[in-house]
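Chemist: Got a predicted model here, sequence first, then my questions.
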Amino acid sequence: MRKDKCVIIGSGLGGLACGVFLARNGYNVTILEQGVQPGGCLQCFTRRGVKFETGMHFIGSAKDGQVLSRMLNVLEIRDNIKLSLLDETGYDVVSLRGDRYKFPMGREPFIAQFSSYFPSQADNIVKYYDLVKKVAEASSLHSLKHASDAVINTEYQLRSVNGVIEEVVSDEKLQNVLVGNLPLYAGEKDKTPFSMHAFIMDFYNQSAFRVVGGSDLICKALISRLEHYGGKLLTCRKVTKILCDERRAVSVQTSDGERFEANYFIADIHPVRLLDMLDTKLIRPAFRQRILYVPNTVGGFSVYLHFKENAVPYMNSNFYGYAGDSPWGCECYDRDSWPKGYLYMHFCHTENPNYARGGIILSYMRIEDFSAWNNTTVGCRGEGYEEFKRNRAERLISMVEKDFPGLRSRIEHYYTSTPLTYRDYTGTEGGAIYGVAKDVTKGIACRVPYKTKVPNLYLTGQNVNSHGMLGVLVGAFVTSSELVGMDKVYKQLIDAEI
Ligand SMILES: Cc1cc2nc3c(=O)[nH]c(=O)nc-3n(C[C@H](O)[C@H](O)[C@H](O)COP(=O)(O)OP(=O)(O)OC[C@H]3O[C@@H](n4cnc5c(N)ncnc54)[C@H](O)[C@@H]3O)c2cc1C
């Protein structure tokens, strides 16, 4: 039987997941990746023998029967990646001006722990937790319940995180602690929808893990399944054009002029980059205009730490440190007030290591701060850029040192990345950490659809549904359902644990 051909642009998590799912369901899949390495944000790099993750540091809901575990089973990689459970009594630790709060996994431990921090808020903490659960479960693909609750979905996509939390919880400090993990979605006050907060809180609160050996092993496992089903991944293939006839897309062209024909095309890239590739009347000017103005999340500055041997005990939790009383507004800084907050994590090179070999400190940074180097490329940005990075890295390490005295003396080497690094490695528009931002004040105007007006061209990846392991996989299943049908997707997810 002749197989329908599907070409996927970009080998990030979304492109790979669509590729495996469609190949497993009988499609002839080719993934074209512009970079030397596949994986987009799943990529790792190794320097002086230590491996560093660039954009996927921990994942959630991966215990047997939980939603991510099922998705990984459908993609046939659950047994091929080793996960290490984060501290169940405090997978996340939030520090506001040095006061620390641990986030335990599970409903009862979470409620008990937070009620011990804020006894007068005990009832509100129950309300908050149950609301998070209700919102997360209202989406059929997050909860794997067949019907979505459209009313709840819509309401909490249109209300801001702070608006809802302020309504449920009256203690200001508790309101701030509960949004301590804002860097996981680059949340902005009065803009980010509560649904985003709820999905992420619920995802990690069910169970939170690091990937033993690094997140590129997820990428390797997916490629292995893709190839098992006859699919292929070609690197160093930058797609520059999508060629259409008057009705549909017929082929894509790469920068070296090679063409790839297919029946279906899926773009795992930023929608603005996709529009650059399309010169067809099928895309209306109004759509083009709307997409050009979708907001993006802020960029990020990372310091990758290579620790001296046996010097830094492995920290089995994520640490969110803030200089002030509130996690909000860290993206609004000037030269002197940066950094206002940071996220600090260790990498898990082996299962339950006693000492960490590597870690990362991540803080927001706008790409505008790099306008002087806007037209430069990786490795050729000059000494001024290196000096800027050194200065910012030292400032960030000094901030972390206040929460972790002695850290600096235990660092053997460090490396840095900026929004320009992400822009140039993963093609992220504006170096945005998580791609397109959701903004309740813009409503539907910042939603990127799965389908385009070119009937056989679809979008997937973090810009469409949501970012992160769960957001991107949910998006990949929705995109794939356009080809194979949602019932078939659902059946495979429901059967996945059997
Ligand atoms: C610093 C950081 C930390 C993060 N931490 C976590 C975490 O701990 N947990 C979590 O769940 N999520 C995390 N995320 C988010 C998560 O990594 C991403 O949401 C997800 O990996 C994005 O996948 P994607 O498929 O959308 O695309 P991307 O990873 O952006 O990949 C897109 C791919 O398309 C390729 N491409 C672009 N243009 C072209 C072209 N013209 N032709 C061919 N190929 C092209 C790019 O080279 C790239 O490989 C983090 C992200 C960042 C940046």
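Modeler: Received it, and whenever you're ready, just let me know what you need. Everything quoted here is computed from the prediction, not taken from an experiment.
Chemist: So the closest residue to residue 241 other than its chain neighbours: helix, strand or coil?
Modeler: Among residues not flanking residue 241 along the chain, residue 253 sits closest, at 4.2 Å (C-beta to C-beta, 6 or more residues apart in numbering). All C-beta spots, glycine's among them, are computed from the backbone N, C-alpha and C. Following DSSP: H, G, I helix; E, B strand; the rest coil, the label given to residue 253 is strand.
Chemist: Confirm for me that residue 253 is in contact with residue 237.
Modeler: No. Using C-beta atoms under 8 Å, residue 253 is not in contact with residue 237; the gap is 10.2 Å.
Chemist: Quick one: low-confidence residue ranges for the stretch 101-250 of the chain.
Modeler: Where the stretch 101-250 of the chain drops to pLDDT under 70, the residues are 145-147.
Chemist: so where do the strands sit in it?
Modeler: Ranges of strands in the stretch 101-250 of the chain, per DSSP state E, counting those that start in this stretch, are 208-211, 232-234, 239-244, 249-254.
Chemist: Break this structure down into its structural domains.
Modeler: Per automatic domain parsing, the domain ranges recorded for the chain read 5-78+213-294+448-497, 85-211+296-431.
Chemist: Pick out the residue of the stretch 101-250 of the chain closest to the ligand.
Modeler: Closest to the ligand within the stretch 101-250 of the chain is residue 239: 3.8 Å, counting by C-beta to the nearest ligand atom.
Chemist: Can you get me a residue count around that residue?
Modeler: A count of neighbours around residue 239, defined by other C-beta atoms under 10 Å, yields 24.
Chemist: cool, and residue 96?
Modeler: Residues near residue 96, counting by other C-beta under 10 Å: 20.
Chemist: and it, what does it touch?
Modeler: 173, 176-177, 180, 322, 324-327 (C-beta atoms under 8 Å, 6 or more residues apart in numbering).
Chemist: tell me which parts of the stretch 151-300 of the chain are close to the ligand?
Modeler: Residues of the stretch 151-300 of the chain lying close to the ligand by C-beta under 6 Å from any ligand atom are 238-239, 268-269, 273, 300.
Chemist: go with 5 Å
Modeler: Residues of the stretch 151-300 of the chain found near the ligand, taking C-beta under 5 Å from any ligand atom as the criterion, are 238-239, 268-269.
Chemist: Among the residues you listed, name the buried ones.
Modeler: Buried subset of these (neighbour count, 16 or more other C-beta atoms under 10 Å): 239, 268-269.
Chemist: okay, the residue lying closest to residue 479 once chain neighbours are set aside: pLDDT?
Modeler: Leaving aside its sequence neighbours, residue 479 sits nearest to residue 460 (C-beta to C-beta, 6+ apart; 4.0 Å). Here the pLDDT value assigned to residue 460 is 98.
Chemist: just to revisit the earlier point, so for residue 468, which of the strands of the stretch 101-250 of the chain sits nearest?
Modeler: Closest to residue 468 of the strands of the stretch 101-250 of the chain, according to C-beta to C-beta: strand 208-211, at 12.3 Å.
Chemist: What is the closest one packed up against?
Modeler: strand 59-60, strand 83-85 (3 or more C-beta pairs under 8 Å, 6 or more residues apart in numbering; DSSP states H and E).
Chemist: Sheet partners, orientation included, of the first one?
Modeler: Listed by DSSP bridges, the sheet partners of strand 59-60 and their directions read strand 208-211 (antiparallel).
Chemist: how much space between the nearest residue to residue 59 once chain neighbours are set aside and residue 96?
Modeler: Nearest-residue entry for residue 59: residue 469, 4.4 Å, with adjacent residues in sequence omitted and distances by C-beta to C-beta, 6+ apart. Note on residue 469: its distance to residue 96, by C-beta to C-beta, to the nearest Å, is 27 Å.
Chemist: Between residue 253 and residue 237, point out the one with more neighbours.
Modeler: Legend: neighbour count by other C-beta under 10 Å for residue 253 and residue 237, higher for residue 237 (20 against 16).
Chemist: and that one, what does it touch?
Modeler: 32-34, 254-256, 258.
Chemist: CA-only coordinates of the helix or strand containing residue 360 in CSV, if you can.
Modeler: If you go by DSSP states H and E, residue 360 is part of strand 358-364. This file holds the C-alpha atoms of strand 358-364, laid out as CSV (Å, rounded to 0.1, in the frame of the first residue of the first chain):
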residue,chain,number,x,y,z
GLY,A,358,27.0,20.4,36.5
GLY,A,359,24.2,22.8,37.2
ILE,A,360,22.4,25.8,35.6
ILE,A,361,21.4,29.2,36.7
LEU,A,362,18.7,30.8,34.6
SER,A,363,17.5,34.4,34.7
TYR,A,364,15.4,36.5,32.3
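Chemist: Which neighbouring elements make contact with it?
Modeler: Against strand 358-364 (3+ C-beta pairs under 8 Å, 6+ apart) you get strand 50-53, strand 300-307, strand 341-346, helix 383-403.
Chemist: hang on, the earlier thing: just the buried ones from the contacts of residue 237?
Modeler: If we count by 16+ other C-beta under 10 Å, these have these buried: 32-34, 254.
Chemist: just checking, which of these belong to helices?
Modeler: Counting by DSSP state H, those place none of their members in helices.
Chemist: possible to save the helices and strands packed on strand 358-364 as JSON lines with mean pLDDT and mean neighbour count?
Modeler: Below are these laid out as JSON lines (pLDDT from 0 to 100; neighbours: other C-beta atoms under 10 Å):
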{"stretch": "strand 50-53", "mean pLDDT": "96", "mean neighbour count": "21"}
{"stretch": "strand 300-307", "mean pLDDT": "98", "mean neighbour count": "24"}
{"stretch": "strand 341-346", "mean pLDDT": "98", "mean neighbour count": "24"}
{"stretch": "helix 383-403", "mean pLDDT": "97", "mean neighbour count": "15"}
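Chemist: which stretch among those comes nearest residue 124?
Modeler: Comparing the helices and strands packed on strand 358-364 under C-beta to C-beta, the one sitting nearest is strand 341-346, at 24.6 Å.
Chemist: Pull up the pairing partners for the closest one, direction included.
Modeler: Strand 341-346 has these strand partners (DSSP bridges): strand 318-322 (antiparallel), strand 358-364 (antiparallel).
Chemist: orientation of the last one relative to strand 300-307 in degrees?
Modeler: Right, strand 358-364. 160 degrees (axes from the mean of the first three to the mean of the last three C-alpha atoms, to 10 degrees).
Chemist: Contacts for strand 358-364 next, please.
Modeler: Residues contacting strand 358-364 (C-beta under 8 Å, 6+ apart): 50-53, 57, 183, 186, 298-307, 312, 315, 330-331, 333, 338-339, 341-347, 349, 396-397, 400, 433.
Chemist: for stretch 490-498, same thing?
Modeler: 64-65, 69-71, 73-74, 141, 144, 146, 477.
Chemist: can you check stretch 159-170 too?
Modeler: So stretch 159-170 is contacted by 121, 124-125, 127-128, 131, 156, 175, 178-179, 187, 189-194, 196-197, 328, 440 (C-beta under 8 Å, 6+ apart).
Chemist: Thanks a lot, see you next time.
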